[in-house]
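Q: After the sequence you'll find the predicted model.
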Amino acid sequence: MNEQTIQKTQTGALRRLTRTDEFGVLIPLIIIVAVTTVLRPAFLSVGNFSSMFTQLTFIALTALGASFPLMVGQVDISTGKVAGFAGIIMSSLVVDHGMDMFPAIVIAMAACLAVGVLNGVLVVYWKIPDFVATMGTLYMVGGARYLFVKGYQFSLATQESHKLVDVFDGRYFGMPIYVWIMVAIFAIVFVIIKKTLWGRRLLAVGDNREVAILSGIHADKMRVQAYIISAALSAVAGLLLTLDVGVGLPETGDGWEFRAIAGCVVGGVSLAGGKGSPLGVLIGISLVFVAENAIIFLGCPATMKVAVQGLLMAAAVLCDLYRQKRKVAA
Amino acid sequence: METNYVLEAVNITKRFPGVLANDAVCLNVKYGEVLGLIGENGAGKSTLLKMLNGIYPSGSYEGSLVLEGTEIKPSSPLDAIRQGIGYVPQETNVLKNFSVAENIYMSNLRLESLQVQGRHSKNPFVDFGKLYQACTELLKDNKIDLDPKADVRKLSVGQQQMLMIARALATKPKVLILDEPTTSLSASDVESLFEVVRNLKEHGTSIIFVTHKLEEILELTDRVTILRDGRNISTYKKAEYDTMRIIADMIGRQMSDLYPTRDNPVGEEIFRVEGLTVEHPYIANRDLIHEVSFSVHSGEVLGLGGLVGAGRSEVCSAIYGMMPLKSGKIFLDQKEIHIRTTEDAVRHGISMVSEDRKRYGLNFSWDIQKNIVISNLKAVSHACFVLRQKIRGRAEPYFQDLRIKAPSLNTRVATLSGGNQQKVVIARALNTEPKVIILDEPTKGIDVGSKNEIYQLINQLSATGAAIIIISSDLPELIAMSDRMVIMAEGRVAGELQKDEAKEIRIMQLATKTFRNEEKREQQAAV
Amino acid sequence: MMRLKERNERSGLGLKLLLTPEFGILIPILIVCVITTILKPNFLTWKYISSILVGSVFIGAATMGESLVIMAGEIDLSVGMNGCLAGVMCGIAASQWGLGLVPCVLICLLTGAVVGALNGVCVCYLGLSSWITTLATQFICQGLAVTISQGEPQSIASLGLSSVTRAKPLGLSWLFFVFVLLIVLLDVLIRRTRYGYSLRSVGGNQEASVMAGLNARRIKLIAFILAGTFAAVGGLFDTLNAGAANAAFGSGREFRAIICCAIGGISMTGGAGSAFGIALGVLLFHTLWYCLRILDVNTNLQLVLIGLILVLSVIMDIQRKRLEARKLV
């Protein structure tokens, strides 16, 4: 046993890097990029990558949200609809009720947080299976989005007072503002998950609820909080997209929920709970986008994109399963 | 109040419906001693532990717990920890995706000293530098050889056990309870565990060491308390240790006239297993069952004895196709058979009744007759269609023979008493018309009347020429009911006893055996 | 314990009947119909009723498959897209390979069964969780369906079925009669066959069923294969009805199928359910959908109501389980 311990302390920085969870996701990403570049050099262009990056912003944020319930061992499939919900509430308040942008954003966020609370209460306290409960809210929120729709477009751009939309038109350091917002949110969440008490406790709840409770953590409260964060981040994604487009569209966020979960799973968030990192989620969602983009460069029909997503997910889940089932050393 | 005991449990009495699990049990732990707690299965050890560590909250039992002279009333496991009772469970229970240091300090990531509880700092960040430092110190002080930064997933079972001890120590417990800590450890890990325990003792930590293995009591503990039938039997100091006396105190449960006699002749050998070996489901390079061989004859009842965790149920699960075999052969009527699923087992004429009635027992939303016939739908169907009129006819004889007390065959099993549910489970097993019947703790938790009926049923079955394997933790029951006994310990056969040589004391000697030395020799031979 | 018993007895016949899965649904169906009739007197005419009946077969086929998987204690999210892929395969076989009716139908059903088998192997033998596995196959099927159909409708005109599919016996469609036949067959399968008993037993308590000598893995695998096949029937219905296979068919159907199961009294935790309940669940779901539409209720309020109904029916199921569990004491 002594020798083992000595060996472990000797591991260098590089070896420690290769052992992180994120690294495992990075390898397939690099391989796909490398192979596609060798076959089609045009793939590795700044233009291609920056356009991919702008596209993935919103789903990446939704995925970050969806990763929270997954980290505590649950699932939330209402995220996409919540994103659309936030966008439509904000634009409806601004356009129909002449409200200022900022209070409208606050109200929209509050409404989405309420959805998160509802999810949490249904799953944690009413003990409805998580998938079915969030499917219920998926329908409720999905329908409620359309109740705000009138016969005309919620165009934010025509509203004089709303300079915020202009801010979203500009580019800063070569990227639109929302990309930087996304990066900032990921950085903050990364620090929260990796470095704060709350983040570590959240993961502990997902890892082993019994141990977490014995460590004095309020597991049920944490589980509800995970759903609230999920709704909040999805709402941010929906608001950013609405501000970017400048028009409030009810169908915003349709189909995001499962792409988000695919990104999480590919990014190494364990379905068993307790394991996940924002950086991994970002790499995972990038991997999904890059793979989809790569097959188009390689000449496959664009319609195969969805299938690739499915295959990536299946592969990721199998890897996770292998890791979970590995035996402990005697 | 001055006292030289750190923990006193006074007159603890815990009742379950129909059972008195602990009857005025007293337990004292002195400062800085290792107290052994030993007792047969069902002696009341685990009930007592559950009260000490708060699983049974204060108020659900009579008696009082006194820690350092003040009475404590633990209301939950967390509360027990906060009051100063550290508990290391038998099963590995760690955060798999975290580092060693975080596992140890999850309850106190801010590293607040325990004296200033209530005054919480507001810093939301974890200071990992300080955490690793504190962890290194804790591990060094207690001579536990672990790397604070190591990934828990990569630790061995022994190291995870050490981790759980360190985790308990981080809460600065006044008493540390180790619940059968050596169950899944290898011989060398057991030695390092003992080192750690001795070091803890030198530093003044009081420890309750619960075990099945006598050798460990003799080697490690300063005093030993023996429980039997939920009562204190005796407490010995190290100077008074005597193997035979301790064993004698563990056994000696009252014999009653519960057991009907049986005099049918034992016939030919029907069933035999040779060299049955089963890999441990989550520990690499470890056998859960090691080279187990035995045979059963027609009309014979074979008792499978041993203490909980000796691998008795696992042997039966492996025979019944619920665990894959690593090696070993199973013979039925002298022909080798291969069993991969329970379906195979049933087809060959083997049937089993599990000890865990809640989990493996019945479909509680169904009625009695459906639960009985489900094990053999062929008997009530034509082609692939189930004929409903046949279901009643098929289930009726079992319902009558087993004297299941219920209004009718259509009664839902959820409404039955434990004993009657068990009879339905047995009826379901018999419905497959088996040649070999495995009964795992068939009378656990059921009332005396039902017990007697089940014994009579066993005798009837053996009279029909079936071979019966019975697992029981109740020694008098095992001795009375079986013609021959195979005693297991640590996943191996510790010995075989004929009915006339099967005395409780002999069985307990075999059951408390350890194979640490054999295991070491084998390892050396492998190297 | 006594107090619990008293409470149970007090909860009376009315509540019990309401909590019986199959009868519980009839009441909301009736309420919806009555309200619609009051507001729109010509609702209770054969024109509307037949339209509801015919319209429910597409979702109904998928629901039948879904119900088997849910009864086994798992979930299948691929029933919509699997059916879509199967329909497209049928269309391709007819329009591009020039095959006849029987091979086309067989190819369709086989596609569904293969996808179902894939799901089943991953869930039962590899031990993956069912929702993530079937989510992956949902994506894969969707991608394949769009790709091989190249986004174009695949006409099945070559099969010469137009006179059959357009026929309206009793003002209904042939598809409806096929659907009724399938429901009857499913009822026999669930309630009368050895497989049906085994399936319900595994869903009710898998470990107990394994102890009783049932091969739970195989039973679940068969449930997934059957679910795939029923999903393919749904796709076939779509294709026959439209006269062409279209990769846009069946999207979101998996959710609706799960909701139909939930309101049809299929326990979301496995083990209980009947074909009768499934048929009623589908009918309620479709009636509601249809009534709201002809009442010109804001179309999107429908979605909200459906979400509410899903949650309520699951809560009812959980309440029912709790009542049962109390009797365990």
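A: Right, received. Where do you want to start?
Q: Residue A:320: which element?
A: Using DSSP states H and E, residue A:320 falls within helix A:305-325.
Q: Report the central residue of the chain.
A: Just so you know, I chose chain A. Centroid-nearest residue in chain A, with Cα atoms, centre = their mean: residue A:63, separated by 1.3 Å.
Q: not what I meant, chain B
A: Against the mean C-alpha coordinate of chain B, by Cα atoms, centre = their mean, the closest residue is residue B:308 at 3.8 Å.
Q: Could you double-check that it sits in contact with residue B:41?
A: Yes - assessed by Cβ atoms under 8 Å, residue B:308 is found in contact with residue B:41 at 5.1 Å. Any C-beta I mention is one placed from the backbone N, CA and C, and that applies to glycine too.
Q: Now the common contact residues for the two.
A: residue B:473 (Cβ atoms under 8 Å, 6 or more residues apart in numbering or on different chains).
Q: what residue ranges in chain A are flagged as low confidence?
A: Residues of chain A meeting the criterion pLDDT under 70: A:1-14, A:16-19, A:151, A:157-163, A:330.
Q: who are the neighbours in contact with residue 241?
A: Just so you know, I chose chain A. A:58, A:83, A:87, A:178, A:252, A:253.
Q: look at chain B instead
A: B:217, B:218, B:224.
Q: which among these end up buried?
A: For the contacts of residue B:241, a burial check counting by 16 or more other Cβ atoms under 10 Å in any protein chain shown picks out B:217, B:224.
Q: Go through the contacts of residue B:241 and say which is closest to chain C.
A: Distances from the contacts of residue B:241 to chain C were compared by Cβ to the nearest Cβ; the smallest belongs to residue B:217, at 35.9 Å.
Q: which residues of the chain fall in strands?
A: In the absence of a named chain, this looks at chain A. Along chain A, the stretches classed as strands by DSSP state E are A:154-155, A:171-172, A:175-176, A:247-248.
Q: sorry, should have said chain C
A: Under the criterion DSSP E, chain C contains strands at C:154-155, C:244-245.
Q: Equivalent analysis for the stretch 401-527 of chain B, please.
A: Here the stretch 401-527 of chain B has its strands, by DSSP state E, counting those that start in this stretch, at B:436-440, B:467-471, B:484-489, B:492-498.
Q: Out of these, the one nearest residue C:230 is which?
A: Residue C:230 sits nearest to strand B:436-440 of all the strands of the stretch 401-527 of chain B, at 39.4 Å, using Cβ to Cβ.
Q: Say whether chain B is contacted by stretch A:61-69.
A: No - Stretch A:61-69 is not in contact with chain B by Cβ under 8 Å from any Cβ of the partner chain; minimum separation 13.9 Å.
Q: what's that stretch in contact with?
A: Contacts for stretch A:61-69 (Cβ under 8 Å, 6+ apart): A:75-76, A:79-80, A:83, A:130, A:182, A:185-186, A:189, A:202, A:223, A:226-227, A:229-234, A:236-237, A:240, A:253, A:256-257, A:259-261, A:263-264, A:267, A:269, A:276, A:278, A:281-282, A:284-285.
Q: Of those, which ones also sit close to chain C?
A: Restricting the contacts of stretch A:61-69 to those near chain C - Cβ under 8 Å from any Cβ - leaves A:75, A:261.
Q: does residue A:306 really touch residue C:145, like I thought?
A: No - if you go by Cβ under 8 Å, residue A:306 and residue C:145 don't touch, sitting 9.3 Å apart.
Q: between the two, who's got more neighbours?
A: More crowded of residue A:306 and residue C:145, by other Cβ atoms under 10 Å in any protein chain shown: residue C:145, with 30 against 25.
Q: How many residues are close by whichever residue of the stretch 401-527 of chain B sits closest to chain A?
A: For the stretch 401-527 of chain B and chain A, the shortest gap (Cβ to the nearest Cβ) falls at residue B:523, measuring 10.3 Å. By other Cβ under 10 Å, the residues close to residue B:523 number 12.
Q: For residue B:516, see how far away it is.
A: For residue B:523, the distance to residue B:516 equals 11 Å [Cβ to Cβ, to the nearest Å].
Q: Residues that sit against both of these two, list them.
A: With Cβ under 8 Å, 6+ apart as the test, residue B:523 and residue B:516 both reach residue B:187.
Q: shouldn't residue B:183 be in contact with residue B:308?
A: No - because the distance of 9.5 Å does not satisfy Cβ under 8 Å, residue B:183 is recorded as not touching residue B:308.
Q: If we ignore the residues flanking it in sequence, what's nearest the residue of the stretch 1-150 of chain A at minimum distance from chain C?
A: Relative to chain C, the nearest point of the stretch 1-150 of chain A is residue A:143 (2.6 Å; Cβ to the nearest Cβ). Counting by Cβ to Cβ, 6 or more residues apart in numbering or on different chains, residue C:303 is the residue found nearest to residue A:143 once chain neighbours are left out, at 2.6 Å.
Q: Give the burial count for the residue of the stretch 1-150 of chain A closest to chain C, as a bare number.
A: Neighbour tally, residue A:143, other Cβ under 10 Å: 22.
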